[in-house]
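Engineer: All I have is the shape, not the residue letters:
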């Protein structure tokens, strides 16, 4: 057995496990590739790992019988080769599958088998994961004190080893237990902690779960508007990742919310969807029997299935023979008529075949061109993303901040920009002419002009920065033989990181800031960064803010989004009220609320423009 090949199996298995919840399709592909390679090599440990991963991902997707089949095969191999870790992990996954199927005693039995094995080999990561699974079982058995004990033990271990994902899961489970105890304030506190962490980790499954938890807690705290925003966001993400259990839970919570607000018709529709997804996850007694058969390795099931399939084939054959007899009699009786009709049909068929071939060739050409265009735009997205600063870089410079960025198309005309020079931090929200590919091209030019102005020309005053950027943009466009009127609207801040003094300039887009609980606006110059007759130098505003004051920079996409009950624009006044009402909340929570309101307002309507909102707490 080649070592390189076994290493490849191990690498595929590690990758599959790591992305099992964040990218299930790729995880399945990695596990399937590892399985085939391990089988060809006769590498039993690698095969067991691949089967275990296939079972785990199928469990997450609600395919419980298939999941159990994979994991029991993995367990048999692990037991044969004496792999303690593999045995314990398979026990743990079997426990999780039983938990998902509401078989709590079976889940408890398998998880209690797994825990001492992990403790014996000293795997703290898996000890914590098993404890958190036990916490869920105890919660469903209404043993809340035991559930909290397990979750806190897991939290202690995860904090010790620095497992951020584990800590987020512990927060989520503690929130769920407090929710069951009707301590909704405490539950919401932990859900929000978990939500912030799951967003940082980029785990969509956990984000959906946490959004659902926050939304449900708002129902009981009678803040129905926020409950609706969080639950709609949870449902959108759950559908995006096809996580059926999350979709089911979101519909269930929405049904409760609609009932509480008197929307009984909508509550009935939501409850119907809840039942549909519940049935697809737990297919009552027959599904549980099938799962039990899987657990007991009832191979007779395969025999019965084969016999049933053969009986069905025999029945179809008998019906076909009877049908053929009727057709033959009919054919003999009406031969003359059929012959004439056949001639016409054959002629028409030949003509249709020719037309079909022409249409097929045209369709293939169009599809090929569309694919080429889409591939080019997707690659352009990668190039555009290269000019956007990583969110982690912004968080490092400004820990209390958020960036809400939603391009209308694959690429965007809106972009955000950050650069540091000495004690000065420059940050901007910009909206270039157009959206999609044209807007993205202009954004690259404008972003480059901002970088040159600060890095190459060392200009630090915000108004003069915009003057120089205008000069560089015009210089670029003047090289073209055609007249180019493109440019950008922008809100540009320069923050002195020592004194916290803020210098600001804007082209069409104003600056909003909240000081002592009141919203203030600094107006922008009524001219773009670009070509304009009678343009004037940009103004520079100096603003002295105190610790805790909050700045907001944005483009026009959020306010211009159509939606609501009458299909109207959201408008700046409503955006201002929304920001002011939630200004005291943590910045990431403000972003979540903005996303929820946007999704609720937009509903089924299309997004009309790129959307960018940035918040910074001094």
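Structural biologist: That came through fine. If you're wondering where the values come from, they're calculated on a predicted model, not measured in any experiment.

Engineer: hey, where'd the strands end up in the stretch 501-618 of the chain?
Structural biologist: Using DSSP state E, counting those that start in this stretch, the strands of the stretch 501-618 of the chain run over 501-507, 511-515, 518-522, 529-530, 541-544, 550-554, 562-563, 568-569, 611-617.

Engineer: Within the sheet, what are the partner strands of the fourth one, with directions?
Structural biologist: When pairs are called by DSSP bridges, strand 529-530 turns out to pair with strand 487-496 (antiparallel).

Engineer: and the strand it pairs with, how far out from the chain's middle?
Structural biologist: Relative to its chain's centre, strand 487-496 lies at 30 Å (Cα atoms, centre = their mean, to the nearest Å).

Engineer: Now do the buried residues in it.
Structural biologist: 487, 488, 489, 490, 491, 492, 493, 494, 495 (16 or more other Cβ atoms under 10 Å). C-beta coordinates here come from the backbone N, C-alpha and C atoms, glycine included.

Engineer: Looking at it now, give me its mean pLDDT.
Structural biologist: In this model, strand 487-496 has a mean pLDDT of 94.

Engineer: and the angle from it to strand 511-515?
Structural biologist: Angle of strand 487-496 versus strand 511-515, following axes from the mean of the first three to the mean of the last three Cα atoms, to 10 degrees, is 30 degrees.

Engineer: Numbering from 374 from now on, please.
Structural biologist: Got it, first residue is 374 now, which makes that one strand 860-869.

Engineer: Show me the helices in the stretch 374-523 of the chain, by range?
Structural biologist: Residue ranges of the helices in the stretch 374-523 of the chain, as given by DSSP state H, counting those that start in this stretch, are 376-391, 397-414, 417-433, 437-454, 457-473, 477-494, 497-513, 517-534.

Engineer: Pick the most buried one from the ones you listed.
Structural biologist: Neighbour counts (mean count of other Cβ atoms under 10 Å) averaged over each of those peak at helix 417-433, with a mean of 25.

Engineer: any weak-confidence spans in the stretch 724-873 of the chain?
Structural biologist: 724-753, 756-757, 807-809, 852-858 (pLDDT under 70).

Engineer: Show me where it has its helices.
Structural biologist: Under DSSP H, counting those that start in this stretch, the stretch 724-873 of the chain gives helices at 764-770, 809-824, 835-850.

Engineer: picking up where we left off before, okay, the buried residues of strand 860-869 in TSV with distance to residue 883 next?
Structural biologist: Shown next, in TSV, are these (distance: Cβ to Cβ, whole Å):
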residue	distance to residue 883
860	18
861	15
862	10
863	11
864	7
865	12
866	12
867	16
868	17
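
Engineer: Burial check on residue 890, number of neighbours?
Structural biologist: Number of residues near residue 890 (other Cβ atoms under 10 Å) recorded here: 8.

Engineer: any idea what sits nearest it, other than its immediate chain neighbours?
Structural biologist: residue 956 (7.6 Å; Cβ to Cβ, 6 or more residues apart in numbering).

Engineer: contacting residues around the closest residue in space to residue 972 that isn't next to it in sequence?
Structural biologist: Spatially, and ignoring its direct neighbours in sequence, residue 972 is nearest to residue 605 (5.2 Å; Cβ to Cβ, 6+ apart). Residues near residue 605 by Cβ atoms under 8 Å, 6 or more residues apart in numbering: 627, 969, 972, 973.

Engineer: who touches the third one in this structure?
Structural biologist: This points to residue 972. 602, 605, 606, 609.

Engineer: and the gap between it and residue 979?
Structural biologist: Using Cβ to Cβ, to the nearest Å, residue 972 is found at 13 Å from residue 979.

Engineer: picking up where we left off before, can you flag which of the contacts of residue 972 belong to strands?
Structural biologist: Using DSSP state E, no member of the contacts of residue 972 sits in strands.

Engineer: Out of these, which end up buried?
Structural biologist: Of the contacts of residue 972, these count as buried by 16+ other Cβ under 10 Å: 602, 605, 606.

Engineer: what sits against the last one?
Structural biologist: Residue 606 is in contact with 584, 588, 965, 968, 969, 972, counting by Cβ under 8 Å, 6+ apart.

Engineer: Derive a ChimeraX selection command for the buried subset of the residues you listed.
Structural biologist: Those of those that count as buried under 16+ other Cβ under 10 Å are selected in ChimeraX with:
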select :584,588,965,968,969,972
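
Engineer: In helices only, show me the contacts of residue 606.
Structural biologist: 584, 588, 965, 968, 969, 972 (DSSP state H).

Engineer: Just give me the closest of those to residue 635.
Structural biologist: residue 588 (18.0 Å; Cβ to Cβ).

Engineer: ok, residue 900 - how many residues close by?
Structural biologist: 18.

Engineer: Let me see the contact set for it.
Structural biologist: Going by Cβ under 8 Å, 6+ apart, residue 900 touches 880, 881, 908, 909, 911.

Engineer: any idea how far the fourth one is from residue 506?
Structural biologist: When distance is defined by Cβ to Cβ, residue 909 is 65 Å away from residue 506.

Engineer: one step back: looking at the contacts of residue 900, which gets the smallest pLDDT?
Structural biologist: residue 908 (87).

Engineer: now that one: how far from residue 934?
Structural biologist: As defined by Cβ to Cβ, residue 908 lies at a distance of 30 Å from residue 934.

Engineer: now do residue 595
Structural biologist: 28 Å.

Engineer: So if I had to pick from those two, which one is more boxed in?
Structural biologist: Applying other Cβ under 10 Å to residue 595 and residue 934 shows that residue 934 carries more neighbours, namely 23 against 10.

Engineer: tell me the contacts of that one?
Structural biologist: Contacts of residue 934 (Cβ under 8 Å, 6+ apart): 942, 943, 971, 974, 975, 980, 981, 982, 984.

Engineer: and those as CSV, adding neighbour count, pLDDT and distance to residue 632?
Structural biologist: Output for the contacts of residue 934, formatted as CSV (neighbours: other Cβ atoms under 10 Å; pLDDT from 0 to 100; distance: Cβ to Cβ, whole Å):
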residue, neighbour count, pLDDT, distance to residue 632
942, 15, 93, 31
943, 20, 94, 28
971, 24, 93, 25
974, 19, 93, 23
975, 18, 90, 25
980, 17, 91, 31
981, 15, 90, 33
982, 22, 90, 36
984, 26, 95, 32
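
Engineer: from those residues, which two are the most distant?
Structural biologist: 974 and 982 (13.9 Å).

Engineer: Ok, which of the helices of the stretch 374-523 of the chain comes nearest residue 643?
Structural biologist: helix 457-473 (21.9 Å).

Engineer: Packing partners of the closest one?
Structural biologist: On a contact count with 3 or more Cβ pairs under 8 Å, 6 or more residues apart in numbering; DSSP states H and E, helix 457-473 meets helix 417-433, helix 437-454, helix 477-494, helix 497-513.
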